[in-house]
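[1] Here is a sequence with its predicted model. Questions after.
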Amino acid sequence: MAKKLKEAKEGKIKYVPPPPVKVSAPTITRDGKIGIKFNQPLQVPDFIKKGQSGRLLAEGGIPLSEINVQRDIIEFIFIQKSGLDDKIEYSLDLDHWTEEEMGVKINFKNPLLISKGKNNDAMVSVIKNKNLFVSKESGEPISSKHSTFANPVPRQVPHSTSIEVVDE
């Protein structure tokens, strides 16, 4: 990036800055996989890269299973719209994080309670630490304007059920 800016100042090239960092509204599958795509390559935080490659905490890596997604990265707020008063319990696991996307697994304690009424329940996602979502090209983090999303949650299948069997 610094080289491009220097060349632009010297009049050698026309520099067009990259668009602001945006993430897509998370998609949620029937088996609780949450996919979050980025509009451009982002820097994968160093502790994530090292953790995904199996490095130990002493080497600066944190295993993905040890990361508290809800506290440190993205807050997911579950909203019951199905008209039922069942308490929804869940945990979150960071599945993967690349320059192009992030995957989170939502583990519902009782998946059959999700969106079981007339209306689908919803999930609001709020990026907590915007400095973890930084453009690889510009070094700019995601803005507050692009860091909150809401989307419906489809009915969920029990943990031991094949989605192919349910969708047939």
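    Thanks, I have the structure now.
[2] Give me the mean pLDDT for stretch 83-95.
    Predicted confidence along stretch 83-95 averages 84 (mean pLDDT).
[3] how about the CA coordinates for that stretch, as PDB?
    Listed next in PDB are the C-alpha coordinates belonging to stretch 83-95 (Å, rounded to 0.1, in the frame of the first residue of the first chain):
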ATOM      1  CA  GLY A  83     -44.200 -16.700  20.100                       C
ATOM      2  CA  LEU A  84     -42.900 -19.300  22.500                       C
ATOM      3  CA  ASP A  85     -41.300 -18.700  25.900                       C
ATOM      4  CA  ASP A  86     -38.800 -21.500  25.900                       C
ATOM      5  CA  LYS A  87     -35.300 -20.600  27.200                       C
ATOM      6  CA  ILE A  88     -32.800 -20.900  24.400                       C
ATOM      7  CA  GLU A  89     -29.400 -22.000  25.400                       C
ATOM      8  CA  TYR A  90     -26.400 -22.200  23.100                       C
ATOM      9  CA  SER A  91     -22.700 -22.100  22.900                       C
ATOM     10  CA  LEU A  92     -20.400 -20.800  20.000                       C
ATOM     11  CA  ASP A  93     -17.300 -22.300  18.500                       C
ATOM     12  CA  LEU A  94     -15.000 -20.600  16.100                       C
ATOM     13  CA  ASP A  95     -14.700 -23.000  13.200                       C
END
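[4] Give me the buried positions along the helix or strand that contains residue 75.
    Secondary structure from DSSP states H and E places residue 75 in strand 74-79. Buried residues in strand 74-79, counted by 16 or more other Cβ atoms under 10 Å: 74, 76. Using the backbone N, CA and C atoms, a C-beta is placed for each residue, glycine as well.
[5] Against which helices or strands is the next helix or strand along the chain from it packed?
    Along the chain past strand 74-79, the next helix or strand (assigned with DSSP H and E) turns out to be strand 90-97. Strand 90-97 makes packing contacts with helix 46-52, helix 69-72, strand 101-108 when contacts are defined by 3 or more Cβ pairs under 8 Å, 6 or more residues apart in numbering; DSSP states H and E.
[6] before we move on, the earlier item: contacting residues around the strand holding residue 75?
    Identification of contacts with strand 74-79 by Cβ atoms under 8 Å, 6 or more residues apart in numbering yields 34, 36, 69-70, 88, 90, 92, 104, 106, 121-128, 150, 153.
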